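Trainee: Pasting the sequence and the predicted model now:
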Amino acid sequence: MPELTVCYILKNAEKTIVNSLESVKWANEIIIVLDTSTTDKTEQRIKDWYCNIDDSVKLFIYHRDWTNYADQRNYGIQNGTIVTGK
């Protein structure tokens with residue numbers, strides 16, 4: 001399986017997140033979700049999806065208040081490189 005870290009910066013994405021996760025699960029080693037104060041069922045949809053996939057994929061969900069895109073992206077990059085599973 002190719003190594004790929006996917007970082008989602010999202011808010012209230014319950015309607016689209018599962019399709020998006022399905023489209024990248026073939027190559028994932030790590031999925032990082034930066035939830036920016038979601039008020040819908042996004043996190044539960046992600047957890048439900050995660051329970052039904054290959055256990056070699058690692059999922060990390062972080063809750064962060066929105067500051068700006070650059071801060072969120074940098075946080076994702078920093079946390080995406082600290083765990084490789086190898």
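Mentor: Looks like it arrived, so ask away. Everything numeric in this text was worked out from a predicted model, so none of it was measured. Residues are numbered from 1 along each chain as shown.
Trainee: Please make it C-alpha for all contacts and neighbour counts, starting now.
Mentor: Noted.
Trainee: Excluding chain neighbours, what is closest to residue 29?
Mentor: Counting by C-alpha to C-alpha, 6 or more residues apart in numbering, residue 57 is the residue found nearest to residue 29 once chain neighbours are left out, at 4.8 Å.
Trainee: Please report how far the one you found lies from residue 36.
Mentor: Applying C-alpha to C-alpha, to the nearest Å, the value for residue 57 to residue 36 is 22 Å.
Trainee: Residue 8 too?
Mentor: The value you get for residue 8 to residue 36, if C-alpha to C-alpha is used, is 10 Å.
Trainee: go on, residue 9?
Mentor: Per C-alpha to C-alpha, residue 9 is found 7 Å from residue 36.
Trainee: And the average pLDDT for the lengthiest helix in the chain is what?
Mentor: Looking across the chain with DSSP state H, the single longest helix is helix 69-80. In this model, helix 69-80 has an average pLDDT of 87.
Trainee: Over to stretch 33-42?
Mentor: For stretch 33-42, the mean per-residue pLDDT is 93.
Trainee: Between the two ends of it, how far is it?
Mentor: 10 Å.
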